[in-house]
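**Student:** Mind folding the following:
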Amino acid sequence: EVQLVESGGGLVQPGESLRLSCAAAGFTFSNYAMSWVRQAPGKGLEWISGINAGRGRTSYADSVKGRFTMSRDNADNTLFLQLNSVKPEDTAVYYCVKIQTAILAGDSPCDYWGQGTQVTVSS
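**Tutor:** Numbers count the residues shown, from 1 in each chain. Purely as a prediction, here's the structure:
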């Protein structure tokens, strides 16, 4: 059974940093691309970052580029998202998403989602 369990969310002040983790189980983690997707209150889903399988080439949405860094530890089956210089508009539930392919493309299908972790940016 595929499981994706996010952690690390919480309340932070603008300008601070936070690291999210996603523990993966039930599949060969290193063989698949992964993404982070967020949903702000009252808004739709927003893809924010992706990482390819293996050594993991990354890509980012313009809204987080230069502030967020995505990485993976294939030995530990864990996905990370480092959030730096956070802004109030980063407030959202953050989801870890498994992609069905090794390489992330614009129309790559996803098949599993975690339960999400809440990030709130407020002073």
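**Student:** Give the buried residues for the lowest-mean-pLDDT helix or strand in the chain.
**Tutor:** When each helix and strand of the chain is scored by mean pLDDT, DSSP states H and E, strand 110-113 comes last, with a mean of 94. Residues C110, Y112, W113 are the ones in strand 110-113 that count as buried (16 or more other C-beta atoms under 10 Å). For the C-beta atoms, the positions are set from N, CA and C on the backbone; glycine is no exception.
**Student:** The first one and T101 touch, don't they?
**Tutor:** This means C110. No: C110 is beyond contact range of T101, at 9.6 Å (criterion: C-beta atoms under 8 Å).
**Student:** and the gap between F80 and P88?
**Tutor:** Counting by C-beta to C-beta, to the nearest Å, the gap from F80 to P88 is 23 Å.
**Student:** which one of the two has more residues nearby?
**Tutor:** Using other C-beta atoms under 10 Å as the criterion, F80 and P88 rank with F80 on top: 17 against 11.
**Student:** Quick check: which ranges of the chain have low pLDDT?
**Tutor:** By pLDDT under 70, the chain has no low-scoring segment.
**Student:** now the strands for it?
**Tutor:** Here the chain has its strands, by DSSP state E, at 3-7, 10-12, 18-25, 34-39, 45-51, 58-60, 68-73, 78-83, 92-99, 110-113, 117-121.
**Student:** Give me the distance between the nearest residue to E1 once chain neighbours are set aside and L45.
**Tutor:** The shortest distance from E1 to any non-neighbouring residue, by C-beta to C-beta, 6 or more residues apart in numbering, is to G26 (4.9 Å). Remark: distance between G26 and L45 (C-beta to C-beta) = 23 Å.
**Student:** Could you do S122 as well?
**Tutor:** S122 is 22 Å from L45, where distance means C-beta to C-beta.
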